[in-house]
Each structure stands twice: as structure tokens, then as C-alpha cells.
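A.B. asks: Based on what follows, work out the 3D shape:
(chains A, B, C and D)
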2 protein chains.
Amino acid sequence: MKVTIKHVAELAHVHSSTVSRVFSGKATISEATRQRVLAAAAELNFHPNAIARSLTTHRAHVLGMVIPYTQEEFFLDPFFPQVLRGLSDVACRQGFRLLLSGVEDPTEEPEAVLRLIRSRQVDGIVVQASRVGVDTTDVLLAERHPFVLLGRPLQDAAELSWVEVDAHQATLEAVRHLIGLGHRRIAFIAGYPNMVVTLDRLAGYRQALDEAGLPYDEGLVAYGQFRQEGGAEAMRPFLAMNGSRPTAVFAANDLMAVGAMQAAAEAGLEVPRDCSVVGSNDSPVAAFSCPRLTSSRAPYHELAREAAQALIAQLQGMPPDPVKRLLPCELVVRESTAPPRAGVGLAG
Amino acid sequence: MKVTIKHVAELAHVHSSTVSRVFSGKATISEATRQRVLAAAAELNFHPNAIARSLTTHRAHVLGMVIPYTQEEFFLDPFFPQVLRGLSDVACRQGFRLLLSGVEDPTEEPEAVLRLIRSRQVDGIVVQASRVGVDTTDVLLAERHPFVLLGRPLQDAAELSWVEVDAHQATLEAVRHLIGLGHRRIAFIAGYPNMVVTLDRLAGYRQALDEAGLPYDEGLVAYGQFRQEGGAEAMRPFLAMNGSRPTAVFAANDLMAVGAMQAAAEAGLEVPRDCSVVGSNDSPVAAFSCPRLTSSRAPYHELAREAAQALIAQLQGMPPDPVKRLLPCELVVRESTAPPRAGVGLAG
DNA sequence: GAATTGTGAGCGCTCACAATT
DNA sequence: GAATTGTGAGCGCTCACAATT
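C.D. replies: Residues are numbered from 1 along each chain as shown, chains lettered A, B, ... in the order given. Presented below is the predicted three-dimensional model:
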């Protein structure tokens, strides 16, 4: 039924290993034989079986990744599409494909990561290291599976390779921008409390406040699960702070920022006149919202490219030392930020 | 080095085929043996090699898809993320994984599709059937590879399975909506001329005009490559039609619609007062744009779910007849459409 | 006879080694 | 001796068949 090297060998009057040599391309073959083999292969419509090849070579030429497909925000944010674009970009150029394994619940992710890599279907794996305390790195290291972390791990170790968007710096700059405009009461809407990126952002937020001699107020920090409605919900208590209402808010993604803007509008406030808003990640939404959203651009595409590059280098036994890359974000100032009005928010 | 069934067999004092039976789960095994094997496997940290399994069973439990990673609009539009979510959703629930093969140029897609399926790394493949004239279906059918088309093929055949968003109906409804508001000069900004979906949309556009007794004017059709700037560029000549300027425009995606709105704004026109705009696909951008964009929602997530379902059914030898599904879109009316002002556009 | 387990060929390649020119 | 080709074991499983209880 299926055409194999044996059939080709027979037709070309050579041994099957010769056919193998022609197609694997790693041996010297006389041009005459080569042509005869190729002709026979073409005649029979032969195509090498990558599975069989994998079994003998122990290389699948496939990179793996686990995605939690139920999280809609995973697909609304530019994060996932851009990451996939970056991975496929680098991987495919180097002859690797991408194997995705979906999990219903993000909590199943570590188990799915191990299942995927242990199945030998992938040579290496890109692991999201976003949640605090959830950690597969120990097992991956112990079993010597090649992997790269997408996200800085909470506890770094010398052997770990990771790439991360510099959320600390991004938040620092965003809040500095607001402080520079004259804001003193600045709220922070984070995504989830249990993510490493949240800790980074909080640190950046506090550093910016410290630099300006502004107090840190726990009451100005809320969590919006990266969702629009979550951003609106987080915003409402801030808006209700009579006399001490923040005059600006920084959100950890654009969806929440837009939600915050909507909540402000519902409360009869105008952005940026009555309240400045900064988003994160610079999704398409930011450029089109009303007003157009100031946002810090996260280079997810580049991030993923670096991850793929690091992983492939690892697979090819190249790098003596692990990769630890922190990519800078860039604040894109648009229309949603302005100096506070005198007497607004703070009891005047 | 790597632990195989043989090692487990040795430790459990059984034959390797018994270990195989325990892990493949398709044979009756006494509970005692089962436990002994599982204990041995656990002790050795054994995990079955999916590649070896694939080689003997001729099934990889993997669905394939080719993505052109250089097309940025492929990743800005909700199409790709939603499709991937739908595929991974259904596939992973049924024990399948997703293998992505990236191509730099969309023209390489057919070749990449064949390479992927012929490599035996995937059991079946989801093929984008968007372009007119580019067709791998003949080869796929001839070589008996299981596949499902994402998009209606230009020439349908009895054996073909495809799923498609009903662009004809979506366009028909959108244009009817505009006509219902009183518009008589309605422009159409399509994506690319050489896509089947463009033909469908054109047909829907013309049907709506016909129904209302309105003439079809080729000068009111333009192409914006699905990009924002393309939408703006396509819009400008319309805006310059003094005396016969269209009072409404329908765009084949939201990015182009937003571009058209920007072009209108630059020309000093207000949407929807001076010009109504309808987008397509209802991306996040639509809900946040200024004014919020009326758009026809394309159920891409559902589309991909259907595709995966059809493909898996095919792989399991279940369906006697091919699947041909046309999914309805739903017009989401927001703020970018309104009745035309008297005397606007048309020479009054 | 039914349930359970062993036997060993086979899936389609690659690669070390030997043989040939 | 260098270039080219053949030989056959091996990659880690599964499955038809035989053997055992």
C-alpha cells in the first residue's frame, strides 16, 4: 500500500540504505545512482516517513507548547497570536514544526507539559512560566528535557533558559509617565495576583512611586483577571473614592484599561480630562479605542522568536550557557493620558 | 538510557507485549499483572514512546494545519486565534494534538500541505481553501489523505468536506441593513480579489442591491488587503466622488472598516452622520472603536470546531457522507450606521 | 472454552561496519 | 586509499498467533 524505501530500492536496483542516503542527504552518493533513485521515487510517488525517521534518529524536529484553550483572554489579547507567530516564524525557518497540546484548565498545564515531552513527539518545549508556585522546571531539568521558559521563573536557577518581557521596566515607565504629568494618586489594575508578571509590575509600580516620594496605598491596587469587565469592576471602587479618587490608573492589559475607561464614562467622567488611563501590551484595541489608549508595547513576537531560537540552539547542542533575556517594552503615548485637572480627585 | 517497555517487562517479570497491553489498554490483563507492570513502570519512570507507537499503528493522533506566518493580518484579525482555539478545543478533548507548519509565503501553502501530510506526522489536515485557483484537493483526494477544507472550495465535489462562514448571507444582511436605513449608494471594500470569500461577498452585495432595485456600480468596489491602511486607501476615492459620494460602506473586515472611518475623519466627515460604515468578523476592535463599529460576527471558533469534528470523524471512519457546513453570521448593530442625511453624498 | 500471557515478525527508517570498485 | 554501495541490527512499540492456565 504505502510506498517505502524498499519499493524505491527495488525499482532503482539498489539497496534500501542507498535510498535512505539519498533522502537523508548525509552521505556521498554517485550522481548516477542519485538520479536513478530520485527517478524511481518520483515514479512511485515516494515520500519519506518522518515517524520512522524520528524513531531511529531520536529527533522529531518538532517544538511543543501547551495552550489552555478555554481561557478566552488568551485569545483576545495579542499575546497568544503573536507568540505563535514568533515561534512558527523561527521554528519553521529552521525546519521545525510546532505541536500544540491544549488543556481545558490552566491547572492541568504542568501535567500536559510533561506528557507532551515524555511522549517523544517533541524535541523540546516552550513552557509558560507565568504562575507563581506552579513549577515543572524541576522535573524537566531532572529528566533532561530541553525547554525554554516563556516568562521569568520566580526562582531562577543557573541552568534555566527563559525569555521575558520586562514588565517591571514597562510598569515603571508607565507610572513615571503619569507622575511626570502631575498625577499623585495612581491606581494599578493587575491581572491575577498569582502571576510572576504581577509581582514584577507591582515592583515597578512601587519603585515609580518611591522615586517620586509618593506613598504606596494598597487600596489603589486591584485585580481584573485581564478581562474588560474585570477592569471595569476594579475601577468602580476607585471612582467612588470621594475626595481621594485616583486621577490616573495603570492597567496590566488593554482590555482592562478599556473596561476602566468604560467605568469612568459610566460614572460621568471623561478620559483623560478627569482620569488618565494607561494600558499594557498595545493590542489593536489600543489604537482604536476612544480615546486612543496610551499603552506600553510588549514585544511578544520578538519574545517568541528568542524563545524558539534559544530552544533550537539547545537542541543542536550549541549554547554553553542558558539564555536569560529580558525584552524592553516601549510606552506608546496616545490620547488617554493628560495632566490632572486642578482640584480633581484629591480634595482640593 | 531511555526506559522502554523491555526494561519495565524485565522488572515486572513479564513479556514486553504484556507491558504494551497494559499501556495501550486494549487487551484483558489480570489485575495482579497490571499492578505489577504499573509499579515497575512507575519505579523506572517509564512513559510510552508515541513515535514508536505511531510507526506500528499508523496513527499519530495529530491534526495538521499550515499557517502563513508572515501575513500579519492573519494574526491581527480574530480569524486565526479563534480558529486555533476551536481546533485545539475539539482536537485535544478527543486525544488529538495540533501540528502547525509555517510557511513564509502563502503561495507555498499547497506544497507545505502536501509535505506535512505525506510526512505521516499528521493523520489528517485542515486546509485553508481561501484562494481561487490554488488547489491541493485533487492531490489530497487522489492520495487518499483525510482532510477538511476551511472555506468553501470554488468547485465543490461530492467527496469534499468543508466548513465555511456564510459570507454571502453576512454581506447580504449587512447591505440590507444599510439599504433599510435609506442608503442608495453603498460602497464595498473587499479584501483580495482572488479569494472565494470575496466572490461570495460580491454576490451577497449584488443581491442586496438587486432586491432594492439599486444599480451595481463597479466603481464602488475596492480592495483593501484586509489591512487598516488598505481600507483607508480604498475609501479615499469614494470620498472624492463629488455629487455621487457613497453614503455608506461595507468592509470585509473590521481593520479595513476602521481604516475607512479614519479616511472619512481625515476628509472632515463624521461617521455615521455623513457616512455609515459596517465591518466584518466583529473583532475586539469593533466594540472599542470610535464610533463603535457595526459588524457582522463570524463564528470562527465554531467553524474550527466543526472542522476538527468532521476531520476526526473521518479519521475514525465514521461518516458515510462528507460534511458541508455553512455557518450563519450575525449582524451586530452598533453606532457606526445611521440613516443618511438628506442631501449628503448624492447631489441633492 | 475463556481469560491471560508469551512469541516474534513487522512498522519504515538510519547507521556502523563490511565489501566492492 | 578514497569513494561508493551493500549488509543487517536496531529504534520502541503493536498485533496476530500460539501456548498456557
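A.B. asks: Enumerate every residue touching A:Ala267.
C.D. replies: Contact analysis of A:Ala267 by Cβ atoms under 8 Å, 6 or more residues apart in numbering or on different chains lists A:236, A:239. All C-beta spots, glycine's among them, are computed from the backbone N, C-alpha and C.
A.B. asks: How far off centre is stretch A:145-152?
C.D. replies: A distance of 11 Å separates the centroid of the chain from that of stretch A:145-152, by Cα atoms, centre = their mean, to the nearest Å.
A.B. asks: how is chain A carved up into domains?
C.D. replies: Annotated domains of chain A cover A:5-48, A:62-165+A:299-326, A:167-298 [automatic domain parsing].
A.B. asks: how about those in TSV, adding mean pLDDT?
C.D. replies: Putting those into TSV (pLDDT from 0 to 100) gives the following:
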stretch	mean pLDDT
domain A:5-48	91
domain A:62-165+A:299-326	89
domain A:167-298	95
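A.B. asks: out of the ones you listed, which comes closest to DNA strand D?
C.D. replies: domain A:5-48 (2.9 Å; Cβ to the nearest atom of the strand).
A.B. asks: so A:Thr294 touches A:Ala338, yeah?
C.D. replies: No. Counting by Cβ atoms under 8 Å, A:Thr294 sits too far from A:Ala338 to count as a contact (9.5 Å).
A.B. asks: So for these two, which residues contact both of them?
C.D. replies: Shared contacts of A:Thr294 and A:Ala338 (Cβ under 8 Å, 6+ apart): A:Ser276.
A.B. asks: The two: who's more crowded?
C.D. replies: More neighbours surround A:Thr294 than the other of A:Thr294 and A:Ala338, with 25 against 20 (other Cβ atoms under 10 Å in any protein chain shown).
A.B. asks: beta partners of that one?
C.D. replies: A:Thr294 forms beta bridges with A:Val278, as assigned by DSSP bridges.
A.B. asks: Could I get the contacting residues of it?
C.D. replies: Counted by Cβ under 8 Å, 6+ apart, A:Thr294 has contacts A:174, A:177, A:276-279, A:286, A:331-337.
A.B. asks: Okay, and which of those map to strands?
C.D. replies: Among these, DSSP state E puts A:276-279, A:331-332 in strands.
A.B. asks: Among those, which pair sits farthest apart?
C.D. replies: Taking Cβ to Cβ, the two most distant members of those are A:Ser276 and A:Val332; they sit 14.3 Å apart.
A.B. asks: more neighbours, those two?
C.D. replies: The neighbour count for A:Ser276 versus A:Val332, taken as other Cβ under 10 Å, is higher for A:Ser276 (25 against 16).
A.B. asks: From what I see, the more buried one and A:Ala251 are in contact.
C.D. replies: No. Assessed by Cβ under 8 Å, A:Ser276 is found out of contact with A:Ala251, at 11.3 Å.
A.B. asks: secondary structure element for the residue lying closest to A:Ala52 once chain neighbours are set aside?
C.D. replies: Using Cβ to Cβ, 6 or more residues apart in numbering or on different chains and skipping residues adjacent in sequence, the residue nearest A:Ala52 is B:Leu55, 5.6 Å away. Using DSSP states H and E, B:Leu55 sits within helix B:50-57.
A.B. asks: list the helices and strands that helix packs on?
C.D. replies: helix A:50-57 (3 or more Cβ pairs under 8 Å, 6 or more residues apart in numbering or on different chains; DSSP states H and E).
A.B. asks: Mean confidence (pLDDT) on the helix it packs on, please.
C.D. replies: Average pLDDT, helix A:50-57: 95.
A.B. asks: what does it contact?
C.D. replies: Outside helix A:50-57, the residues that touch it by Cβ under 8 Å, 6+ apart are A:24, A:60-61, A:120, B:49, B:51-52, B:54-55, B:60, B:119-121.
A.B. asks: Could I get the residues you listed in CSV, plus columns for neighbour count and distance to A:Pro246?
C.D. replies: Formatted as CSV, the contacts of helix A:50-57 follow (neighbours: other Cβ atoms under 10 Å in any protein chain shown; distance: Cβ to Cβ, whole Å):
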residue, neighbour count, distance to A:Pro246
A:Ser24, 12, 64
A:Ala60, 24, 52
A:His61, 19, 52
A:Arg120, 22, 53
B:Asn49, 20, 57
B:Ile51, 21, 56
B:Ala52, 16, 60
B:Ser54, 25, 57
B:Leu55, 18, 62
B:Ala60, 24, 54
B:Ser119, 21, 56
B:Arg120, 22, 59
B:Gln121, 25, 53
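A.B. asks: where do the helices sit along the stretch 51-200 of chain A?
C.D. replies: Using DSSP state H, counting those that start in this stretch, the helices of the stretch 51-200 of chain A run over residues A:73-76, A:79-93, A:109-118, A:137-142, A:167-180, A:196-211.
A.B. asks: With the stretch 201-348 of chain A instead?
C.D. replies: Assigned by DSSP H, counting those that start in this stretch, the stretch 201-348 of chain A shows helices spanning A:228-239, A:254-266, A:284-288, A:300-315.
A.B. asks: Can you add distance to DNA strand D and give these back as JSON lines?
C.D. replies: Output for the helices of the stretch 201-348 of chain A, formatted as JSON lines (distance: least, Cβ to the nearest atom of the strand, whole Å):
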{"stretch": "helix A:228-239", "distance to DNA strand D": "45"}
{"stretch": "helix A:254-266", "distance to DNA strand D": "44"}
{"stretch": "helix A:284-288", "distance to DNA strand D": "46"}
{"stretch": "helix A:300-315", "distance to DNA strand D": "17"}
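A.B. asks: Mean neighbour count for these - can I get that in JSON lines?
C.D. replies: Listed next are the helices of the stretch 201-348 of chain A as JSON lines, based on neighbours: other Cβ atoms under 10 Å in any protein chain shown:
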{"stretch": "helix A:228-239", "mean neighbour count": "22"}
{"stretch": "helix A:254-266", "mean neighbour count": "25"}
{"stretch": "helix A:284-288", "mean neighbour count": "24"}
{"stretch": "helix A:300-315", "mean neighbour count": "22"}
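A.B. asks: which residue packs closest to A:Arg305, ignoring adjacent ones?
C.D. replies: A:Gly86 (4.3 Å).
A.B. asks: what sits against that neighbour?
C.D. replies: A:300-305, A:307-308.
A.B. asks: A:Val278 is in contact with A:Asn253, isn't it?
C.D. replies: No. Judged on Cβ under 8 Å, A:Val278 makes no contact with A:Asn253 at a distance of 11.0 Å.
A.B. asks: A:Ala313 is nearest to which of the helices of the stretch 51-200 of chain A?
C.D. replies: A:Ala313 lies closest, by Cβ to Cβ, to one member of those: helix A:79-93, at 10.5 Å.
A.B. asks: Which residues in that closest one does the neighbour count mark as buried?
C.D. replies: Residues A:79-92 are the ones in helix A:79-93 that count as buried (16 or more other Cβ atoms under 10 Å in any protein chain shown).
A.B. asks: okay, the residues you listed in a markdown table with distance to B:Leu154 next?
C.D. replies: Converted to a markdown table, the buried residues of helix A:79-93 look like this (distance: Cβ to Cβ, whole Å):
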| residue | distance to B:Leu154 |
| --- | --- |
| A:Phe79 | 35 |
| A:Phe80 | 32 |
| A:Pro81 | 28 |
| A:Gln82 | 32 |
| A:Val83 | 34 |
| A:Leu84 | 29 |
| A:Arg85 | 28 |
| A:Gly86 | 33 |
| A:Leu87 | 32 |
| A:Ser88 | 27 |
| A:Asp89 | 30 |
| A:Val90 | 34 |
| A:Ala91 | 32 |
| A:Cys92 | 28 |
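A.B. asks: Many thanks, I have nothing further to ask.
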